[in-house]
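**Q** only geometry, no sequence info:
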Ligand SMILES: NC(=O)C1=CN([C@@H]2O[C@H](COP(=O)(O)OP(=O)(O)OC[C@H]3O[C@@H](n4cnc5c(N)ncnc54)[C@H](O)[C@@H]3O)[C@@H](O)[C@H]2O)C=CC1
Ligand SMILES: O=C(O)[C@@H]1CCC=N1
């Protein structure tokens, strides 16, 4: 059971904004035929309109293979009723919404419905996402395998042991790309402050973050060892890291508070 199953039975996307589009882009470039995809979204983007998928069509499949729910948690109450008739025990629902618990989908779609809660991230658009998943009791191991196969087409997949882990996961990997993009912005601005042109500073910052990420993934050394490899005793990196790694004002505390705030917001979203 994999992409062929999804192509045959159909994929319905409820909401196709930034995250839904990032995943759809990955699936379409992986060979999912646009004719197998139905999107429900009152505000489809120009990109979406050019993909060839069916948008707000009347001919929705009665029992699609998968329904991906990718609306904002705040829109859930308004959006979910349109799916209720698909809560037939056959269709697998996958939600990527931050905060919204599995119990909310069970209440809206029928308590027998197989539901998988997932937390992806936008690097899915280039096949480099990571998605954490957990299913309800009605999601069979074959359905978890199906979700994993679908999501693996846009990056790595990890299975969680408990839904409680989802808030921390959201704080680290769901929101994480934004922290890294901001790091690029800050490095580029700092390069400008040291006299580089904006274009050169941005090129250096982007390539450095992308290259360091690729090396961290490919190398046998840990990120700590890779950091030490860059750091010549009493050299330039040491001088920089003394600021970045400062216990009181440095990155460790800042990142701890950043991830904590995102995880807390995820906990708050549980209540709608
Ligand atoms: N953007 C990200 O990096 C990530 C987002 N998520 C989750 O993905 C979900 C969507 O987030 P984004 O794509 O960033 O938001 P977005 O605002 O870009 O997309 C939401 C889409 O839902 C559509 N929509 C609104 N009301 C609707 C309705 N009643 N029926 C159908 N569609 C409706 C909107 O037109 C929009 O296209 C959220 O629940 C978020 O927590 C999860 C992981 C990462
Ligand atoms: O900012 C948000 O709420 C969503 C969830 C994770 C990333 N974006």
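**A** Sure thing, it's come through. No experiment lies behind these values; they were computed from the predicted model shown. Ligands and ions are numbered 1, 2, ... in the order given.
**Q** List the buried residues in the longest helix along the chain.
**A** Scanning the chain for the helix with the most residues, using DSSP state H, yields helix 198-218. Neighbour counts using 16 or more other Cβ atoms under 10 Å place 201-202, 205 of helix 198-218 among the buried residues. C-beta coordinates here come from the backbone N, C-alpha and C atoms, glycine included.
**Q** Pick out whichever of those sits closest to residue 129.
**A** The shortest gap between residue 129 and any of the buried residues of helix 198-218 belongs to residue 205, at 21.9 Å (Cβ to Cβ).
**Q** by contact count, what packs against the following helix or strand past the longest helix of the chain?
**A** Next in sequence after helix 198-218, counting helices and strands by DSSP states H and E, comes helix 223-230. Contacts defined by 3 or more Cβ pairs under 8 Å, 6 or more residues apart in numbering; DSSP states H and E place helix 223-230 against helix 198-218.
**Q** tell me the angle of the helix it packs on relative to helix 223-230?
**A** Relative orientation of helix 198-218 with respect to helix 223-230: 130 degrees, computed using axes from the mean of the first three to the mean of the last three Cα atoms, to 10 degrees.
**Q** can you give me the end-to-end distance of stretch 127-141?
**A** For stretch 127-141, the separation between the terminal residues is 24 Å (Cα to Cα, to the nearest Å).
**Q** before we move on, back to that, next, the residues that contact the longest helix of the chain from outside, please.
**A** Defining contact as Cβ atoms under 8 Å, 6 or more residues apart in numbering, one finds that helix 198-218 is touched by 180, 183-185, 187-192, 196, 223, 226.
**Q** Run a quick neighbour tally on the closest residue to ligand 1 within the chain.
**A** Residue of the chain nearest ligand 1, by Cβ to the nearest ligand atom: residue 17 (1.8 Å). Using other Cβ atoms under 10 Å, residue 17 has 15 other residues around it.
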